[in-house]
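Peer 1: Return atomic coordinates for the entry below.
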Amino acid sequence: MSVIEGSTKEFGNTTILLHSLGSSCYRIEWYSRMTGASTSLARLTQGKYVVIRKWAQVKNMADVSSEFSSRNSALIHFLNNVDIVKSHDDWISAAKQHCLNLFVENEGLKPVTKASFPKPRLQGAIRKRSCCEIEIG
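Peer 2: Down below sits the predicted model:
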């Protein structure tokens, strides 16, 4: 596996990398320099995709992966589960658009001109103690 030259792009504290896994296989990686975590979308074979979440080593958590036969489902799952801790919304949207463009290019699809991404959700609270107060009455 090797990073394709000229494909690495930075958006604030996020780095997007494109890896070659062979002649028709690839991996798009969303790496957060702030948290040390990454989320990847990989095409393993025709019709087989996997999304992998690698947690920062300090969290001491097992990696999580999900397999997909639908490329659209894999892409949506990937974009909804990237690490966006303390990033500007403009950078997040630009990074997601870049990932979408890499995906479209590597899948041989028509370019997507108007992409709409849901509002980013913070994932910095994973495995942290939280306190909820509920008022009944």
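Peer 1: so what's the residue nearest in space to the middle of the chain closest to, chain neighbours aside?
Peer 2: Centroid-nearest residue in the chain, with C-alpha atoms, centre = their mean: residue 82, separated by 3.9 Å. Leaving aside its chain neighbours, residue 82 sits nearest to residue 30 (4.3 Å; criterion: C-beta to C-beta, 6 or more residues apart in numbering). C-beta here means a position set from N, CA and C on the backbone, and glycine is covered the same way.
Peer 1: Where does the prediction get shaky in this protein?
Peer 2: 1-6, 85-87, 118-137 (pLDDT under 70).
Peer 1: can you pull out the helices in it?
Peer 2: 71-80, 89-107 (DSSP state H).
Peer 1: Mean neighbour count and distance to residue 48 for those helices - can I get that in JSON lines?
Peer 2: Output for these, formatted as JSON lines (neighbours: other C-beta atoms under 10 Å; distance: least, C-beta to C-beta, whole Å):
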{"stretch": "helix 71-80", "mean neighbour count": "17", "distance to residue 48": "9"}
{"stretch": "helix 89-107", "mean neighbour count": "17", "distance to residue 48": "13"}
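Peer 1: Quick check: which of those is nearest to residue 11?
Peer 2: Nearest of these to residue 11, taken as C-beta to C-beta: helix 89-107 at 4.0 Å.
Peer 1: Would you mind putting the CA coordinates of the closest one into CSV?
Peer 2: This file holds the C-alpha atoms of helix 89-107, laid out as CSV (Å, rounded to 0.1, in the frame of the first residue of the first chain):
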residue,chain,number,x,y,z
ASP,A,89,-17.2,23.9,9.2
ASP,A,90,-15.8,25.3,6.0
TRP,A,91,-12.7,23.0,6.3
ILE,A,92,-14.9,20.0,7.1
SER,A,93,-17.1,20.7,4.1
ALA,A,94,-14.1,21.2,1.8
ALA,A,95,-12.4,18.0,3.1
LYS,A,96,-15.6,16.0,2.6
GLN,A,97,-15.9,17.4,-0.9
HIS,A,98,-12.3,16.4,-1.6
CYS,A,99,-13.1,12.9,-0.4
LEU,A,100,-16.2,12.8,-2.6
ASN,A,101,-14.1,13.9,-5.6
LEU,A,102,-11.5,11.2,-5.0
PHE,A,103,-14.2,8.6,-4.7
VAL,A,104,-16.0,9.7,-7.9
GLU,A,105,-12.7,9.8,-9.8
ASN,A,106,-11.5,6.4,-8.6
GLU,A,107,-15.0,4.8,-9.2
